[in-house]
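Undergrad: sequence first, then the predicted structure, then my questions.
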Amino acid sequence: MVMTTDLVLSVRLRDETALIPISVKPFSKILDSSEKGADRKVRRTLEKLIIEKTYWARRGINCQIITEKSIPVLEAFNIGIFRKSLISPKIQNLAESLIIFKDEFMGIWMKDLKLEYLLSRISEKIAKPKNEVRELFAAASWLSLIDIDLNRPIQDNHEIALKNGKANSQYLRPDLGALVYKCDDRLFENTMHAQTGS
């Protein structure tokens, strides 16, 4: 038997690891039969999805189906912005500054302040260039040190909204390995390879 599930995530939940199978399909391949000959293609895709769902159901696991309509566009765009900053070589030297950044951000944040203003103020207070402060903002947001509302625009001329109006105190160790690992497993491997030369 050939597995056709697009993604199978291993997610740690408390002390257990759970599998989350995900089939990613274009909306047009599963629900749209407007193009010529689409009925047969849609039917075949649905048959495959039923086989996948049955396969996982027999193992007691719920298979998820995701289309482009399932993904919040603005949230995905915002996450993409953060990821670009996190793969910058400069972020490796800024990991120790994350907690300082978080404390400064939460000390001056108010719901009507624009991102440009916040980053400029923090840049002055911690004596770091604004581009480094922007990367700290991305890392702190990615790691949920500050709980940014990703369903609102994250741009210099927009106000920054927090989900709960407070920082997340659970992240206590600004450790580079953990930072890079959480950002992207491949990035972690590449970074460790570059540092060790192996």
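TA: Okay, I see it. Residues are numbered from 1 along each chain as shown.
Undergrad: could you use CA atoms for every contact and neighbour count after this?
TA: OK.
Undergrad: surely Asp156 meets Glu116?
TA: Yes: using C-alpha atoms under 8 Å, Asp156 is in contact with Glu116, at 4.5 Å.
Undergrad: between those two, which has more neighbouring residues?
TA: Glu116 (16 against 13; other C-alpha atoms under 10 Å).
Undergrad: pull up the pairing partners for the longest strand along the chain, direction included.
TA: When the chain is parsed with DSSP state E, its longest strand is strand 16-24. Using DSSP bridges, the strands paired with strand 16-24 are strand 7-13 (antiparallel), strand 64-66 (parallel).
Undergrad: please identify the buried residues of the shortest one?
TA: Same thing as strand 64-66. Residues of strand 64-66 classed as buried: Gln64, Ile65 (neighbour count, 16 or more other C-alpha atoms under 10 Å).
Undergrad: next secondary structure after it?
TA: helix 73-86 (DSSP states H and E).
Undergrad: before we move on, back to that, output the strands paired with strand 16-24 as a markdown table; include the columns mean pLDDT and distance to Lys25.
TA: Below are those laid out as a markdown table (pLDDT from 0 to 100; distance: least, C-alpha to C-alpha, whole Å):
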| stretch | mean pLDDT | distance to Lys25 |
| --- | --- | --- |
| strand 7-13 | 85 | 11 |
| strand 64-66 | 86 | 6 |
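Undergrad: would JSON lines of those strands with distance to Ile81 be doable?
TA: Formatted as JSON lines, the strands paired with strand 16-24 follow (distance: least, C-alpha to C-alpha, whole Å):
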{"stretch": "strand 7-13", "distance to Ile81": "23"}
{"stretch": "strand 64-66", "distance to Ile81": "22"}
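Undergrad: which one of these is the most hemmed in?
TA: Per-stretch averages of neighbours, counted by mean count of other C-alpha atoms under 10 Å, single out strand 64-66 among the strands paired with strand 16-24, with a mean of 15.
Undergrad: give me the residues contacting stretch 49-67.
TA: Thr4, Thr5, Leu19, Ile20, Pro21, Ile22, Ser23, Val24, Lys25, Pro26, Phe27 (C-alpha atoms under 8 Å, 6 or more residues apart in numbering).
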